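Predicted model and sequence follow; I will ask about them next.
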Amino acid sequence: MSGVTEGGQSEQWFTRALKSLPGGVSSPVRAFRGVGGTPRVICSAGGAEVIDEDGNKYLDFVGSWGPLILGHAHPVLIQAVRDAAQRGTSFGAPSRPEIELAETIVASYPGMEQVRFVSSGTEAVMSAVRLARGTTGRDLVVKFSGCYHGHVDYLLVAAGSGLATFGTLSSDGVPEAFAELTRVLCLDDDEAVEMLFAKEGDKIAAVIIEPVPANNGLLLQRPKFLATLREQCTKYGALLIFDEVISGFRLGTGGGAEHYGLKPDLATFGKVIGGGMPVGAFSGSREIMKNLAPEGKVYQAGTLSGNPVAMAAGLATLRYLKEQHAWLTLEELGRYTEERLCKVLEKSPVQASLVRIGSIFWIAWGSKIPPRTAETINENAELHYSKVFHGLLKRGIALAPSAYEVSFLSLAHTKSDVDHLAESLADILEEIFSETNSQKMQIEPNELTRSTP
Ligand SMILES: *Cc1c(COP(=O)(O)O)cnc(C)c1O
């Protein structure tokens, strides 16, 4: 592992990128705006490591933001992609891997009978919500602040001030009229859910939630809160959508639904089910899915949907995970990571708590106890994190360039990789924070709000 090369090839490429790509990137959080500095331009990757254009190697806990549960360029996956590509990159017709991947999802996830494939998580969510609206004949959608569901117009809405009323737009370019159909509630607040349903229950098409909210820190929910959503949706005839784009096949075959013992009406997938290729999917009972075109009147389509190469990658990933009993291995490594990092954080001069579920972990900087809502994440989290982030990067370890992004373990990570992370983190905490320790940076958790990611 080596450090940064200033003025090297990677930096030169990024300077070029800034000319032809807005912000130098194809997706905003890659741009390092949350931590400062210059993104590395990546040349290749293998196992738990990414290599930049200068040949610097980084132990990677980003995992392409979730999909790479096998690690980078796993030989089994690469072979599957090669074989599939040789048979043709796209048919615009049904193909075997698509059918087999659908069967795998149906057999794995609670309550699902049919699947439709799309090319991203955003598309999966957008289509699932349309289907929910078409099925119920209602317009309102309920979401939670701190959950991310892709960049769908009417979901780029943050909690407004005051109680559960209209949301406020979190992106320019979204008409106000779209936000009027979205209700935004705080996570962890059963009463707010019940009040909203009591008031507008007959207009609510769907409640969408990440059962394991992992896009704004890792905001693990009380099982009772998720059960309340199930209960209220059933009572008022609204559909419950679990957005499992991160958690699907990451936590086990049944995602957050299995973990909490709940059955949503619709589920959305992405990330892991594509093994690093662009894949999304949504699923539901036959009763609901029959409303989709061509059987029903809810239109939804895609030129590259169910792409045979992408399907082969997803299928190879899920099969390998099952064959290897990978979730047990990942849980064990997750537990080890938790132990090691907790020990380091105990001695941290800044309050910090480790949150983990399976192979997903996150450090809540400035918080003594893990926050359950976006609103209770410490407002100084970003300040602390940027120091940690750059300290790690210098030591050849890549975490996501944002305090609000989680880290991922993969089958390619080893205990000694985790040791390396823990030791480096201990070093950094000592080095950076003991300098300022004379002022004793004790940060109290506070209630300030932050906008959505
Ligand atoms: C990543 C993510 C999305 C969006 O998926 P894209 O493939 O980036 O469009 C939606 N929902 C959740 C929960 C996600 O983590």
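Received it, and whenever you're ready, just let me know what you need. Numbering: from 1, shown residues only.

For the rest of this, base every contact and every neighbour count on C-alpha atoms.
OK.

pretty sure residue 267 contacts residue 280?
No. Judged on C-alpha atoms under 8 Å, residue 267 makes no contact with residue 280 at a distance of 10.9 Å.

Residue 414: what's its closest spatial neighbour, skipping adjacent residues?
Leaving out its chain neighbours, the residue that sits closest to residue 414 by C-alpha to C-alpha, 6 or more residues apart in numbering is residue 333, at 7.6 Å.

quick one: contacts for residue 398?
58-62, 389, 392 (C-alpha atoms under 8 Å, 6 or more residues apart in numbering).

Where does the protein get nearest to the ligand, which residue?
Of all residues in the chain, residue 121 sits closest to the ligand, at 3.2 Å by C-alpha to the nearest ligand atom.

ranges for the strands of the stretch 151-300 of the chain?
For the stretch 151-300 of the chain, the strands defined by DSSP state E, counting those that start in this stretch cover 157-158, 168-169, 182-186, 204-209, 239-243, 266-269, 280-284.

what residues does the strand or helix carrying residue 434 touch?
Under the criterion of DSSP states H and E, residue 434 resides in helix 434-435. With contact meaning C-alpha under 8 Å, 6+ apart, helix 434-435 is reached by residue 349.

which regions of the chain sit below the pLDDT cut-off?
For the chain, the stretches flagged by pLDDT under 70 are 1-6, 160-166, 436-453.

hmm, try it at 90
Scanning the chain for pLDDT under 90 picks out 1-7, 157-170, 347-350, 431-453.

Spell out which residues make up each domain of it.
Per automatic domain parsing, the domain ranges recorded for the chain read 1-60+381-397+412-422+430-453, 75-323.

Relative to residue 347, which of these is closest?
Among the domains of the chain, the nearest to residue 347 by C-alpha to C-alpha is domain 1-60+381-397+412-422+430-453 (8.9 Å).

what residues does the stretch 101-250 of the chain put near the ligand?
Contacts of the stretch 101-250 of the chain with the ligand, taken as C-alpha under 6 Å from any ligand atom, map to 120-122, 148-150, 210, 243-246.

Determine which two of these are furthest apart.
Pairwise distances across those peak at 15.9 Å for 120 and 210 (criterion: C-alpha to C-alpha).

quick one: which of these two has more around it?
Taking other C-alpha atoms under 10 Å, residue 120 and residue 210 do not tie; residue 210 has more neighbours (27 against 20).

Verify the stated contact: that one with residue 150.
No. Assessed by C-alpha under 8 Å, residue 210 is found out of contact with residue 150, at 11.5 Å.

Show the contacting residues for residue 292.
Neighbouring residues of residue 292 by C-alpha under 8 Å, 6+ apart: 131, 298-300.

cool, and residue 372?
By C-alpha under 8 Å, 6+ apart, residue 372 lies in contact with 187-188, 219-221.

Of those residues - the most surrounded one?
With neighbours taken as other C-alpha under 10 Å, the top of the contacts of residue 372 is residue 219, carrying 27 neighbours.

looking at it, it is touching residue 371, isn't it?
Yes. Applying C-alpha under 8 Å, one finds residue 219 in contact with residue 371, separated by 6.2 Å.

Tell me where the longest helix sits in this structure.
Longest helix of the chain, by residue count under DSSP state H: helix 326-346.

related to what we said a few turns ago, between the contacts of residue 292, which is closest to residue 313?
When the contacts of residue 292 are ranked by distance to residue 313 (C-alpha to C-alpha), residue 300 comes first, at 23.3 Å.

Would you agree the closest one is in contact with residue 291?
No. Between residue 300 and residue 291 there is no contact under C-alpha under 8 Å: 10.5 Å.

got the contact list for residue 29?
By C-alpha under 8 Å, 6+ apart, the contact list for residue 29 reads 401-402.

How about residue 100?
Neighbouring residues of residue 100 by C-alpha under 8 Å, 6+ apart: residue 315.

so which strand or helix has it?
Per DSSP H and E, residue 100 falls inside helix 96-108.

Compute the inter-axis angle for that helix and strand 280-284.
50 degrees (axes from the mean of the first three to the mean of the last three C-alpha atoms, to 10 degrees).

Going by neighbour count, list what's buried in helix 96-108.
Neighbour-count burial for helix 96-108 flags 97-98, 101-102, 104-106, 108 (criterion: 16 or more other C-alpha atoms under 10 Å).

got it, and stretch 177-191?
179-190.

just the strands in the stretch 301-450 of the chain please.
Using DSSP E, counting those that start in this stretch, strands in the stretch 301-450 of the chain cover 352-357, 360-365, 397-398, 407-408.

Format those as JSON lines; extra columns: distance to residue 143.
Formatted as JSON lines, the strands of the stretch 301-450 of the chain follow (distance: least, C-alpha to C-alpha, whole Å):
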{"stretch": "strand 352-357", "distance to residue 143": "22"}
{"stretch": "strand 360-365", "distance to residue 143": "22"}
{"stretch": "strand 397-398", "distance to residue 143": "31"}
{"stretch": "strand 407-408", "distance to residue 143": "24"}
